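Chemist: give me a 3D structure for the following:
(2 chains)
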Number of protein chains: 2
Amino acid sequence: MYRKEIKVLDCTIRDGGLINNYQFGNDFVKTVYRAACDSGVDYVELGKKLAESDDYTRDKWGPWNFCDDDDLRGVIDSYPTENPPAVAVMYDVGRVDVAALQPADASPIDMIRTACYVADIDKGLDLVKRTKDLGYETTLNIMAPSVAIETDLVEGLKQVNEVPELDFLYLVDSYGAFYSEQVTAYVEMYRTHAPSKELGFHAHNNQQLAFANTQQAIIDGVNLLDATINGIGRGAGNCNLELLLNFLKNPKFDVRPIYKAIQEAFVPLRQEIEWGYNDIYGVSGTLNQHPRDAMKQRANTKVQDDCYDFYVESKRIDDAGVS
Amino acid sequence: MYRKEIKVLDCTIRDGGLINNYQFGNDFVKTVYRAACDSGVDYVELGKKLAESDDYTRDKWGPWNFCDDDDLRGVIDSYPTENPPAVAVMYDVGRVDVAALQPADASPIDMIRTACYVADIDKGLDLVKRTKDLGYETTLNIMAPSVAIETDLVEGLKQVNEVPELDFLYLVDSYGAFYSEQVTAYVEMYRTHAPSKELGFHAHNNQQLAFANTQQAIIDGVNLLDATINGIGRGAGNCNLELLLNFLKNPKFDVRPIYKAIQEAFVPLRQEIEWGYNDIYGVSGTLNQHPRDAMKQRANTKVQDDCYDFYVESKRIDDAGVS
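Modeler: Numbering: from 1, shown residues only, chains lettered A, B, ... in the order given. So this is what the prediction gives:
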């Protein structure tokens, strides 16, 4: 597949940090940044940019949850290169402080991605406007559309369409519940109700479909694609960047630096933290569930592989109904 | 996805046996058979049916490489049920003895699947004719079409089309090299040149696409689908049966017995033998390679995760050319 408009965003540190409270060492982040530079990806997301508080400290929640300018510059300056990827960070609605944000031309950050649920699209768009006013490229990542009431989602998409400050609207398969037909259907819905927006896609690998669904998004005309090195990310993880670069034929991409980073930094990391497909996340995905129950099951070594019990119990709760 | 014509073939023992020389214990095979019965799959393939010889013995190569009638009956009789799946075994061209085969009505076997490379389609079709003459349902599984010369493959497909004794023609992604667009293109090719044949599809999971490609085959109208419990199979394994049953909406299927078998029999087995996606098989798949080099790499614990070295060396050999 080759289409010159396609851009790739490496969200390794941001999504991977959800596993370990953003406690990546500086060397690891530098390795990821260098791999992103050398591979030719268009964007690299180095964490979240949340507001610090007495309850929410760097020590406990990790430096890459806050992405101070000094931390980011330390990484970027460690590998000067001619054509570096744009640097992105993520905003969570209700947990950020836009007033403390520098204008883009005084910041190491190029793009701010705002994540919100459907109910918070208003608040998300407010952040989008304010970050665009400061000169940043902007995205809105609407989480968990697979459990949204469709009329709410459609109303939100129509609002999104009216906000010129938004550069990219993201379709996000938060629960790893989509098959390719859902990717196509949601892309069509997003395009129908927000026709002015360029689309992005962010997959999860609960059903071994993150890479396949990302391909489907490409086929459906989506041009901004999230992926992570080795598929690292919360729960079942994300679309593997190396698989995606293998698929994309654009000669601007080089997969070798990604395999190098895996061999040198991710293979050792796999001894410390877990990510990727397993049976429990498969059940969670097919039932279109929030991954919290699956993560709880995986965290308990006594039952972490009891996929039958997990399936039956999850179904029992579902089937009992809430009428 | 629901289409009443869709049939599912569980090839857990046959493809899984490639990992451990078919040394599954009787209890394990019975567990798989019972799960197949209870899940409502249409076929269960319990091994290969090769000819024994002094060099090729049951002791060394495992009972399920030979599938004696007594072994099969021992399994089938262990779980009498009203609507059992049809029992399949696999024939490899050049390694079987049709003369020793009972007529189907005196045998526990219902279907014989003949596997061959493109160069051996003639020989494969000869076996198909002879097994059909004995009353068996028949398939021809053409291996490694992704490295066949297209004119040879097309010629073979035309021969296949002229053999009324063949019930199903299989598209097989032996190297796990297909993206969904290749599935569609090959299905179209097979249908164009062998229009009289109902098609089957057999995937490998080198690029995390076995399940996704099986979905694509369904979308493209293929009605006989291979899958294995927990994705067990040589190298990166196959399409996970549990994921496939989750996807298929036909109420005749029940995924719970599959999850039960995984929890009780496959989780312990994973401590003994390895299968499933990893970085090395990902490289092998994207380069459309025979899995032998990847399997060798995985068998050497010192280098088993050295995906960068494996990629670079594989590419070096490729790029050196053979002109």
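Chemist: which ones are touching the nearest residue to A:W61 once chain neighbours are set aside?
Modeler: In this structure, A:W61 finds its nearest non-sequential neighbour in A:N21, 5.6 Å apart by CB to CB, 6 or more residues apart in numbering or on different chains. For every residue, glycine as well, the C-beta is placed using N, CA and C. Contact analysis of A:N21 by CB atoms under 8 Å, 6 or more residues apart in numbering or on different chains lists A:K60, A:W61, A:G62, A:N65.
Chemist: would you list the residues you listed in TSV and tack on secondary structure and neighbour count?
Modeler: Shown next, in TSV, are those (DSSP: H, G, I helix; E, B strand; the rest coil; neighbours: other CB atoms under 10 Å in any protein chain shown):
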residue	secondary structure	neighbour count
A:K60	helix	11
A:W61	helix	18
A:G62	coil	17
A:N65	helix	24
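Chemist: which one among these gets closest to chain B?
Modeler: Comparing the contacts of A:N21 against chain B with CB to the nearest CB picks out A:G62 as the nearest, at 26.0 Å.
Chemist: neighbours of A:Q159, how many?
Modeler: 16 (other CB atoms under 10 Å in any protein chain shown).
Chemist: then A:N278?
Modeler: 19.
Chemist: pretty sure it contacts A:R298?
Modeler: Yes: A:N278 is in contact with A:R298 according to CB atoms under 8 Å; the separation is 7.2 Å.
Chemist: for chain A, which residue gets nearest to chain B?
Modeler: As assessed by CB to the nearest CB, chain B sits closest to A:A212 within chain A, at 3.1 Å.
Chemist: for the worst-scoring helix or strand of chain A on mean pLDDT, buried residues please.
Modeler: Of all the helices and strands that make up chain A, helix A:307-320 has the lowest average by mean pLDDT, DSSP states H and E, namely a mean of 89. Buried positions in helix A:307-320, judged by neighbour count with 16 or more other CB atoms under 10 Å in any protein chain shown: A:C307, A:Y308, A:F310, A:Y311, A:V312, A:S314.
Chemist: over to stretch A:75-83?
Modeler: A:V75, A:I76.
Chemist: run the chain-centre distance for the least confident helix or strand of chain A.
Modeler: 28 Å (CA atoms, centre = their mean, to the nearest Å).
Chemist: tell me what it is packed against?
Modeler: On a contact count with 3 or more CB pairs under 8 Å, 6 or more residues apart in numbering or on different chains; DSSP states H and E, helix A:307-320 meets helix A:279-286, helix A:292-299, helix B:256-261.
Chemist: take the ones you listed and lay them out in a markdown table including mean pLDDT.
Modeler: Below are the helices and strands packed on helix A:307-320 laid out as a markdown table (pLDDT from 0 to 100):
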| stretch | mean pLDDT |
| --- | --- |
| helix A:279-286 | 97 |
| helix A:292-299 | 95 |
| helix B:256-261 | 98 |
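Chemist: which of those helices is buried the deepest?
Modeler: Each of these was scored by mean neighbour count; the highest is helix A:279-286, a mean of 28, by mean count of other CB atoms under 10 Å in any protein chain shown.
Chemist: from the contact counts, what lies against it?
Modeler: Against helix A:279-286 (3+ CB pairs under 8 Å, 6+ apart) you get helix A:292-299, helix A:307-320, helix B:241-247.
Chemist: show me where chain A has strands.
Modeler: A:7-10, A:43-48, A:86-92, A:111-117, A:137-143, A:168-172, A:198-202, A:224-227 (DSSP state E).
Chemist: now these in CSV, with distance to chain B?
Modeler: As requested, those are exported to CSV (distance: least, CB to the nearest CB, whole Å):
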stretch, distance to chain B
strand A:7-10, 16
strand A:43-48, 19
strand A:86-92, 25
strand A:111-117, 25
strand A:137-143, 23
strand A:168-172, 17
strand A:198-202, 15
strand A:224-227, 12
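Chemist: got TSV for those strands, with mean pLDDT, distance to A:R34 and mean neighbour count too?
Modeler: Shown next, in TSV, are these (pLDDT from 0 to 100; distance: least, CB to CB, whole Å; neighbours: other CB atoms under 10 Å in any protein chain shown):
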stretch	mean pLDDT	distance to A:R34	mean neighbour count
strand A:7-10	98	11	24
strand A:43-48	98	10	26
strand A:86-92	98	13	23
strand A:111-117	98	19	24
strand A:137-143	98	22	24
strand A:168-172	98	25	23
strand A:198-202	98	23	23
strand A:224-227	98	17	26
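Chemist: surely A:P84 is in contact with A:I76?
Modeler: Yes: at 7.0 Å, A:P84 counts as touching A:I76 under the criterion of CB under 8 Å.
Chemist: residues touching the closest residue to A:L244 other than its chain neighbours, list them.
Modeler: The shortest distance from A:L244 to any non-neighbouring residue, by CB to CB, 6+ apart, is to A:A227 (4.7 Å). Under the criterion of CB under 8 Å, 6+ apart, the neighbours of A:A227 are A:V8, A:L9, A:D10, A:C11, A:T214, A:N238, A:C239, A:N240, A:L241, A:L244.
Chemist: okay, now the domains of chain A?
Modeler: Here the domain parsing of chain A from automatic domain parsing is A:7-269, A:279-320.
Chemist: need the per-residue pLDDT for A:D54.
Modeler: pLDDT recorded at A:D54 is 92.
Chemist: could you measure from it over to A:L9?
Modeler: 33 Å (CB to CB, to the nearest Å).
Chemist: for A:N246, same thing?
Modeler: 17 Å.
Chemist: for A:E181, same thing?
Modeler: 24 Å.
Chemist: equivalent analysis for A:A265, please.
Modeler: 20 Å.
Chemist: and what of A:S174?
Modeler: A:S174 is 16 Å from A:L9, by CB to CB.
Chemist: contacts for stretch A:180-190 next, please.
Modeler: With CB under 8 Å, 6+ apart as the criterion, stretch A:180-190 contacts A:145-146, A:153-154, A:157, A:169, A:171, A:173, A:178, A:197, A:199, A:201, A:209, A:212-213, A:216-217, A:220-222, B:1, B:180, B:212, B:215-216, B:219.
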